[in-house]
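# this one's structure only:
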């Protein structure tokens, strides 16, 4: 039996064992997936234990701390300086499957990163999303609250250093929520609006990261929040006839990418959509 795990701290309730169990069943893999709650100060001492696994995922706070464990990094991990998937073997290779989960979610939504894209929030996942969208040819506007503007500027500078031709700029949110007024006299239309912030997450489900007038300007909406499975943002978009998707797809699809890395597993889109729906029913 192959053995896999998720390392993090604190872990608490996680859907990852359910997701990976289903994926391994679909792929005909005899394997187990457990949760390993490892505090940051214990991570280096756990390297020997981790080497006995066939592979593992890393979540907060270990996505950077696990890098010294790796023999080398895949280009996905190098690009973002962050590892969330490790394949053990002759080499210990670090990957970033968050980016695969994100890009495949956008494909499943029917949207394109090679368009005008509005990204609200620029924290951990927001940095990756803004950067990958710019690297994919998107014309990116990053919107953040004033307190986070300096960090967002650093992300933008890093993207432009890596890719001088990147189209990425900052909009500072004037109030608590992004509104059309924050864009000046004429707010542009966006092919894709992405909420990369925690706004709207349980238990504060009555909140949106932007006003409805901003949503109206979007061709598609993607919300990284997956609890609740229908956020106020996604419901508002659908009410306006705009295709929308929440973050469970990204969670499931990054797990599927890990199984591809570990086992060469391939999955039918209909099976993945069924798994996404089943996992949404659990939250």
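Arrived safely. Source: prediction; values computed, not measured. Numbers count the residues shown, from 1 in each chain.

# For the rest of this, base every contact and every neighbour count on C-alpha atoms.
OK.

# And the helices in this structure, which stretches?
Listed in chain order, the helices found in the chain under DSSP state H are 16-27, 47-50, 75-80, 98-109, 124-135, 149-162, 212-215, 232-239, 248-263, 269-280.

# Residue 60: which of those is closest?
helix 124-135 (9.8 Å; Cα to Cα).

# list the buried ones in that closest one?
By neighbour count with 16 or more other Cα atoms under 10 Å, helix 124-135 contains the buried residues 125-135.

# Kindly report the same for stretch 60-73.
Residues of stretch 60-73 classed as buried by neighbour count (16+ other Cα under 10 Å): 62-67, 69-70, 73.

# re the thing from before, can you redo the helices of the chain as JSON lines with mean pLDDT?
Formatted as JSON lines, the helices of the chain follow (pLDDT from 0 to 100):
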{"stretch": "helix 16-27", "mean pLDDT": "98"}
{"stretch": "helix 47-50", "mean pLDDT": "96"}
{"stretch": "helix 75-80", "mean pLDDT": "92"}
{"stretch": "helix 98-109", "mean pLDDT": "97"}
{"stretch": "helix 124-135", "mean pLDDT": "94"}
{"stretch": "helix 149-162", "mean pLDDT": "96"}
{"stretch": "helix 212-215", "mean pLDDT": "98"}
{"stretch": "helix 232-239", "mean pLDDT": "98"}
{"stretch": "helix 248-263", "mean pLDDT": "98"}
{"stretch": "helix 269-280", "mean pLDDT": "97"}
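
# Let me know which of the ones you listed is the nearest to residue 221.
Across the helices of the chain, residue 221 has its closest neighbour in helix 232-239 (6.8 Å, Cα to Cα).

# For that closest one, name the packing helices and strands.
Using 3 or more Cα pairs under 8 Å, 6 or more residues apart in numbering; DSSP states H and E as the contact criterion, the elements in contact with helix 232-239 are helix 212-215, strand 221-223, strand 244-245.

# With mean neighbour count and distance to residue 3 as added columns, please give those in TSV.
Listed next are the helices and strands packed on helix 232-239 as TSV, based on neighbours: other Cα atoms under 10 Å; distance: least, Cα to Cα, whole Å:
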stretch	mean neighbour count	distance to residue 3
helix 212-215	18	44
strand 221-223	27	32
strand 244-245	26	32
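
# quick one: which of these is nearest residue 79?
Proximity to residue 79 (Cα to Cα) singles out strand 221-223 among the helices and strands packed on helix 232-239, at 22.6 Å.
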